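Student: missing the sequence, but the structure's below:
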């Protein structure tokens, strides 16, 4: 009889498919395992068997001469519903296999022993099994050996998946790095042009340093993030603040807080650009010789709306042009970069200043 579906069939199949192992060529590592299993257990047949939705597929086999069979004749589809190890000494007397057309003939599959192949999440994706054309059994040592070899199969599958994931992540990181280098190259051109106009090369180099610090913080957050390719703002913003603090005069302290929220690197870079320019303007246009100058960055997320609030306690801050155009525009290249970057995310900027300090609020929308 055909086995019932696993109680977590959809998740089990997704796990199996995540290995990208189905319909791959034979490999010596798996062939060696089935040969060893057959020799240890004294059986003519041994199989690394993976249970798909409508078939059982053999990554390696000895004694069968085929790569797959339908689930209607699959013994292993019953076994993945059982405990870690299953022993059927005579298939003719076991209700799971007595009516199996591969077992009914006297010279059919009369003996079966299988150990589950389990993924890291505990779900069974197949078995390492041995079969015979006559009733048989395995002693305790043979059963233990089959279990050990099944775990070896699992490790081989996990290793291959890890290597595939590493390759994908490496390609993704290469893409991110190229994009970051491209943005830095563009910034170099803009700041070079600005330096020619103003004659202030030091300011241009300082701006580029802050840009590099922001990119460094983005990539550090990507590496630390649990989500591939994403940037966790809870990790990113404090890291960025730390980089900024080292680039500013010693008297200026920088603090930052953010909830956990994963965003794409491009949005994280925009946040970094805003924070950089706010810090630069604090030092450039404010009197940081008095009191204890401090810059605070706070991120909040509500639905798809992300708000970055930048505050300082330094008076006489020059304003960055807001999207509404009702504030005094700044001629600096940084202000124009901020405005263009925020606009890419459908956002806007608001700002207020007083003798007690300056506040800039950038609202952006998550893609």
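Tutor: It's in. Since the structure is predicted, the reported quantities are computational estimates derived from the model, not experimental observations. Numbers count the residues shown, from 1 in each chain.
Student: how about the strands in the stretch 101-250 of the chain?
Tutor: Defined through DSSP state E, counting those that start in this stretch, the strands belonging to the stretch 101-250 of the chain, from first to last, are 111-118, 124-132, 231-232.
Student: I'd like to know which elements the first one is packed against.
Tutor: In this structure, strand 111-118 makes packing contacts with strand 45-51, helix 76-79, strand 85-88, strand 124-132, helix 140-198, judged by 3 or more CB pairs under 8 Å, 6 or more residues apart in numbering; DSSP states H and E. Using the backbone N, CA and C atoms, a C-beta is placed for each residue, glycine as well.
Student: same question, the shortest one
Tutor: Using 3+ CB pairs under 8 Å, 6+ apart as the contact definition, the elements that strand 231-232 packs against are helix 201-224, strand 262-263, helix 265-285.
Student: worst mean pLDDT among the helices and strands packed on strand 111-118?
Tutor: Per-stretch mean pLDDT for the helices and strands packed on strand 111-118 is lowest at helix 140-198 (a mean of 71).
Student: quick one: find the helix or strand in the chain with the lowest mean pLDDT.
Tutor: Across the helices and strands of the chain, the lowest-confidence element by mean pLDDT, DSSP states H and E is helix 201-224, at a mean of 61.
Student: hang on, isn't residue 361 packed against residue 342?
Tutor: No: the pair residue 361 and residue 342 does not pass the contact test of CB atoms under 8 Å, sitting 10.8 Å apart.
Student: common neighbours of those two, please.
Tutor: Common neighbours of residue 361 and residue 342, using CB atoms under 8 Å, 6 or more residues apart in numbering, are residue 349.
Student: which parts of the helix or strand harbouring residue 40 are buried?
Tutor: For residue 40, the enclosing helix or strand under DSSP states H and E is helix 28-41. Buried positions in helix 28-41, judged by neighbour count with 16 or more other CB atoms under 10 Å: 30, 33-34, 37-38, 40-41.
Student: same check on stretch 351-367?
Tutor: Of the residues in stretch 351-367, those buried by neighbour count under the rule 16+ other CB under 10 Å are 351, 353, 357-364.
Student: just to revisit the earlier point, how about the strands of the stretch 101-250 of the chain in JSON lines, adding mean neighbour count?
Tutor: Converted to JSON lines, the strands of the stretch 101-250 of the chain look like this (neighbours: other CB atoms under 10 Å):
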{"stretch": "strand 111-118", "mean neighbour count": "24"}
{"stretch": "strand 124-132", "mean neighbour count": "27"}
{"stretch": "strand 231-232", "mean neighbour count": "24"}
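Student: could those go into TSV alongside distance to residue 315?
Tutor: Output for these, formatted as TSV (distance: least, CB to CB, whole Å):
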stretch	distance to residue 315
strand 111-118	65
strand 124-132	65
strand 231-232	34
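Student: nearest to residue 70, out of those strands?
Tutor: Using CB to CB as the criterion, the shortest distance between residue 70 and those is 15.3 Å, found for strand 124-132.
Student: please name every helix or strand in contact with that closest one.
Tutor: Contacts defined by 3+ CB pairs under 8 Å, 6+ apart place strand 124-132 against helix 9-18, helix 28-41, strand 45-51, helix 76-79, strand 111-118, helix 140-198.
Student: mind listing what's buried in the first one?
Tutor: Of the residues in helix 9-18, those buried by neighbour count under the rule 16+ other CB under 10 Å are 12-13, 15-16.
Student: need these in CSV (columns: distance to residue 132 and pLDDT).
Tutor: Compiled in CSV, the buried residues of helix 9-18 are given as follows (distance: CB to CB, whole Å; pLDDT from 0 to 100):
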residue, distance to residue 132, pLDDT
12, 28, 90
13, 30, 92
15, 30, 90
16, 27, 91
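Student: where's the residue nearest to residue 273 when sequence neighbours are not counted relative to residue 293, distance?
Tutor: Sequence neighbours aside, residue 341 is the residue nearest to residue 273 in space, at 5.4 Å (criterion: CB to CB, 6 or more residues apart in numbering). In this structure, residue 341 and residue 293 are 26 Å apart, going by CB to CB, to the nearest Å.
Student: next: residue 28.
Tutor: For residue 28, the distance to residue 293 equals 67 Å [CB to CB].
Student: likewise residue 233?
Tutor: Taking CB to CB as the measure, residue 233 and residue 293 are separated by 25 Å.
Student: so those two - more neighbours on which side?
Tutor: Between residue 233 and residue 293, counted using other CB atoms under 10 Å, residue 233 has the larger neighbour count: 25 against 21.
Student: which residues touch that one?
Tutor: Residue 233 sits in contact with 258-263, 268, 271, 299, 301, where contact means CB under 8 Å, 6+ apart.
Student: 6 Å instead?
Tutor: 258, 261, 299 (CB atoms under 6 Å, 6 or more residues apart in numbering).
Student: phi and psi next, for the residue of the chain most remote from its centre.
Tutor: Computed with CA atoms, centre = their mean, the maximum C-alpha offset from the centroid of the chain is found at residue 106, amounting to 52.0 Å. According to degrees, to the nearest 10, the main-chain angles of residue 106 amount to phi -60, psi -30.
Student: what about it, distance to residue 287?
Tutor: Going from residue 106 to residue 287 by CB to CB gives 99 Å.
Student: same question, residue 46
Tutor: Taking CB to CB as the criterion, residue 46 is separated from residue 287 by 81 Å.
Student: the more surrounded of the two?
Tutor: Looking at residue 46 and residue 287 with other CB under 10 Å, you find the greater number of neighbours at residue 46, namely 27 against 11.
Student: partners of the more buried one in the sheet?
Tutor: Here residue 46 sits in beta bridges with residue 62, residue 130, as judged by DSSP bridges.
Student: same question, the one 5 residues further on
Tutor: In this structure, residue 51 has the following beta-bridge partners (DSSP bridges): residue 56.
Student: so it versus residue 299, what's the distance?
Tutor: The separation that residue 51 has from residue 299, given CB to CB, amounts to 46 Å.
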